[in-house]
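> Structure of the sequence below:
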Amino acid sequence: MTALEELVKDAGVPARASAAPTVADDVIEDIPLYAPRRKIYPQSVNGFFRRIKWAVLIATLGVYYLLPFVRWDRGPNAPHQAVLIDFPNRRFYFFPIEIWPQEVYYLTGLLILAALTLFLMNAVAGRLWCGYLCPQTVWTDLFFAIERWVEGDRREHMQRDARKWTAATWARKGVKHVLWLMVAWWTGGAWVLYFADAPTLVKDLATGQAPFIAYAWIGILTFTTYALAGHMREQVCLYMCPWPRIQAALTDEYALNVTYRYDRGEPRCSVKKAEQLRSAGAPAGDCVDCLQCVHVCPTGIDIRDGANLGCIQCGLCIDACDNVMARLGRPTRLIAFDTDLNIKARLEGKQPFYKLIRMRTVLYAAIIVVVGGLMVFQLATRDSEGISVIHDRNPMYVRLSDGALGNAYTIRIVNKQLKNRNFIVAVEGVPASLVDFVGMPPRADGRLLVDVGPDTTREVRVTVTDYSRTPPPPSTTIQFSLIDVDTGEVAQMRDHFFGP
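Next up, the predicted model:
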């Protein structure tokens, strides 16, 4: 064996240095479906992606905790909470927008937009949602920060857990769990504030006058937040969440993912060995096997092993590796958002290429724009009043003693404004007919003047009788009109007059 071969062997150069790390074809391991949990001690790190995560954490938690207290003046007879899900009155308020139960299609549109946005994020850069915006990630990050503040960073925490526990250790553990429970309790408390006037509910909760359901939900959400973010952590991402499995079927070879650039990093060796190999003309990678990328990972994976279900694409391993490369005077981004296609291109001496704008990203973006545009248009042009008509089904019609035919209807009038309004109800379409508004006298012109209270509905019963001498057709279209007395706005609904 030559001196160069001995040097390469001592450096631990893998046999396939130019290829991605793989498992030998003749080695089949019995990998269990569920691996026993080992406690993960993520190390703190500073860098570009860590700053983004801090900014997202502060913004999202700030919105979640403080939004119920934001006020919005909607005038008299209306709640002044900017965002409110008002179950007793069956309303959803979002700043100037008010959604009624019959407008559930807006919720459908929002769900479609959320799904398509998730698909678009995945097509562009993998699991960005998981790494930055997922509630599990955000609250786990917060719990990690509390844990480090109380028990120290990775090394200190591991050493303390490995030693015999003292009174000081128990005290630290107690303080940590108390802080976790406080965060979890306020998480549950903030959630119930979206369903009632926040200042009033806070006062009622503090004085024991709030309804039992509020205390029950606070307890449930306190427990789930404490359990998921404080104890289960990465297990939620690995075993409970379906999105990692779904997104794997939606991605393609052009989607950017957190990737170890093995074309540059392999073969791994220490700084000293790398210098010796390079001076001898042997290949040496930039990876020094410091394991910093593993130590900072919140799910405890080694990104150098290739694509992994546990990788949430948070980018903390990129920051850790960049810090090491900067100290060694080597180029950064040994770990980066990249694709396997680019790694293979560099191995072949070609220029890497990025294809963010492609059919699927354009299609997702186009559908998002169309659905969002339709929702905005519908909101901007929707009426502030509405009319619906229900024809009596049993019987469909009646024949009077004089031979006339009669049909009965229930008219529901909707007033979506926060003030009392007067409407004129008119029925047209059946010749030689008599319109009778049951229990309500019509005007001289045969139309009905009816007042409807603010933000409410009113029902009117009406019978239409056909006294024509000629036999009517089995079905005649008639029109019900609702006219605002003050503005002249008109809402119309058509139904049928039935005969034999």
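
> Every contact and neighbour count from this point should use C-alpha atoms.
Noted.

> can you list the domains in this protein?
Residue ranges for the domains of the chain, per automatic domain parsing: 3-21+250-347, 385-498.

> This protein: strands as residue ranges?
Using DSSP state E, the strands assigned to the chain run over residues 83-86, 91-94, 97-99, 257-260, 335-338, 385-391, 398-399, 405-415, 421-428, 433-437, 448-452, 456-466, 475-484, 490-498.

> Okay, and the beta partners of the closest residue to Phe437 other than its chain neighbours?
Closest residue to Phe437 apart from its sequence neighbours, by Cα to Cα, 6 or more residues apart in numbering: Val462 at 4.4 Å. Following DSSP bridges, Val462 is listed with bridge partners Tyr409, Phe437.

> Send over stretch 45-63 as PDB, restricted to the C-alpha atoms.
The C-alpha trace of stretch 45-63 is given here as PDB (Å, rounded to 0.1, in the frame of the first residue of the first chain):
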ATOM      1  CA  VAL A  45     -27.400  28.800  17.300                       C
ATOM      2  CA  ASN A  46     -27.200  32.300  15.700                       C
ATOM      3  CA  GLY A  47     -27.600  33.000  12.100                       C
ATOM      4  CA  PHE A  48     -29.900  34.100   9.300                       C
ATOM      5  CA  PHE A  49     -32.500  31.400   9.500                       C
ATOM      6  CA  ARG A  50     -32.500  31.600  13.300                       C
ATOM      7  CA  ARG A  51     -33.300  35.300  13.100                       C
ATOM      8  CA  ILE A  52     -36.200  34.500  10.700                       C
ATOM      9  CA  LYS A  53     -37.600  32.000  13.100                       C
ATOM     10  CA  TRP A  54     -37.400  34.500  16.000                       C
ATOM     11  CA  ALA A  55     -39.200  37.100  13.900                       C
ATOM     12  CA  VAL A  56     -41.900  34.600  12.800                       C
ATOM     13  CA  LEU A  57     -42.300  33.400  16.400                       C
ATOM     14  CA  ILE A  58     -42.700  36.900  17.800                       C
ATOM     15  CA  ALA A  59     -45.100  38.000  15.000                       C
ATOM     16  CA  THR A  60     -47.300  34.900  15.100                       C
ATOM     17  CA  LEU A  61     -47.600  34.600  18.900                       C
ATOM     18  CA  GLY A  62     -48.100  38.300  19.200                       C
ATOM     19  CA  VAL A  63     -51.000  38.100  16.800                       C
END
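
> which residues does Ile312 contact?
For Ile312, the contacting residues are Arg127, Leu128, Cys130, Gly131, by Cα atoms under 8 Å, 6 or more residues apart in numbering.

> An error on my part: the question was meant for Val56.
Tyr132, Leu133.

> Relative to Leu221, how far out is it?
Between Val56 and Leu221 the distance is 22 Å, computed by Cα to Cα, to the nearest Å.

> Need the per-residue pLDDT for Asp402.
We have a pLDDT of 79 for Asp402.

> From what I see, Phe423 and Val450 are in contact.
Yes: Phe423 lies in contact with Val450 (Cα atoms under 8 Å); the separation is 5.4 Å.

> Between the two, which is the more surrounded one?
For Phe423 versus Val450, the count of surrounding residues by other Cα atoms under 10 Å is larger for Phe423: 23 against 17.

> With adjacent residues omitted, what lies nearest to the more buried one?
The shortest distance from Phe423 to any non-neighbouring residue, by Cα to Cα, 6+ apart, is to Asp484 (4.7 Å).

> burial of the one you found, as a residue count?
Neighbour tally, Asp484, other Cα under 10 Å: 17.
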